[in-house]
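Chemist: Need coordinates for the following:
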Amino acid sequence: MADNDRSLVSRGADQFLSDVARHPPARTNADRARLVFSMDATLSRQPTWDQAMQLQSDMFESTRALGGLSVQLCYFRGFNEFHASPWCDDPARLRTEMSSVACRGGFTQIARLLRHIADLATDARAAVFVGDAMEENADELCHLAGQLGLRNVKLFVFQEGSDPSVAQTFTQMASLSGGAYAPFDANSASQLRDLLSAAAVYAAGGKAALSRLIQSSEIKRLTQQVR
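Modeler: Residues are numbered from 1 along each chain as shown. Here you go, the predicted structure:
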């Protein structure tokens, strides 16, 4: 990874922590927190999909002291294929579902995903999207992200790589929803793990919980080291 790309990843992860800490808590009642965990499952995504499958249990574990987490897995792939799982509070069950998925070639369907998340506004107050490409109309995606913001659904967008045109749209999407954006290096499993855990902790416990995570998480050391 080039030095400039490493610097971009470092600045992006730092900005993610800074942005997300400013937002109000996503959890508003005593029920188990709910988080939409969505991924681009087009063909180029298989290595990161496999990585996320191994790491997703850390999202659940990081929220255990905050009352736990319920996750809905969403993905798009192939020709017009979109999937949304039932809500799941068992990491083993979620891993089993992810292990049955093979990434398939196709165009991104981020707009379809955002519309689905908007329909869940009464159930979830935060959503994670992990992807590396954007093949749709940027203005439409930003409009839909803004609609999420009006529904108080925070969008946390994690971009694999550093494609500048993708970064520009993903950053605006996150900002318009009131959420946050960060790039990550696909070769660093710990970085993706910490980003996912940070989003999950925020969904479960809000600003105060995230502040405690910032003080103790590997993500702080990681962002200081990546240059």
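
Chemist: biggest helix in this structure by residues?
Modeler: For the chain, the longest helix by residue count, based on DSSP state H, is helix 189-216.

Chemist: What distance do you get for L144 to S57?
Modeler: In this view, L144 and S57 are 30 Å apart by C-beta to C-beta, to the nearest Å. Any C-beta I mention is one placed from the backbone N, CA and C, and that applies to glycine too.

Chemist: cool, and S85?
Modeler: Where S57 is concerned, S85 sits at a distance of 16 Å (C-beta to C-beta).

Chemist: Neighbours of G178, how many?
Modeler: 22 (other C-beta atoms under 10 Å).

Chemist: How about it, nearest residue that isn't a chain neighbour?
Modeler: G149 (4.8 Å; C-beta to C-beta, 6 or more residues apart in numbering).

Chemist: Then L55?
Modeler: R193 (4.5 Å).

Chemist: What's the local residue count around that neighbour?
Modeler: 24.

Chemist: Touching, it and E61? I think so.
Modeler: No - at 10.4 Å, R193 does not count as touching E61 under the criterion of C-beta atoms under 8 Å.

Chemist: all strands for this structure, in order.
Modeler: Ranges of strands within the chain are 33-40, 69-77, 81-84, 126-131, 154-160, 180-184, based on DSSP state E.

Chemist: Tabulate the ones you listed (TSV), appending mean pLDDT.
Modeler: Putting these into TSV (pLDDT from 0 to 100) gives the following:
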stretch	mean pLDDT
strand 33-40	94
strand 69-77	95
strand 81-84	97
strand 126-131	94
strand 154-160	91
strand 180-184	88
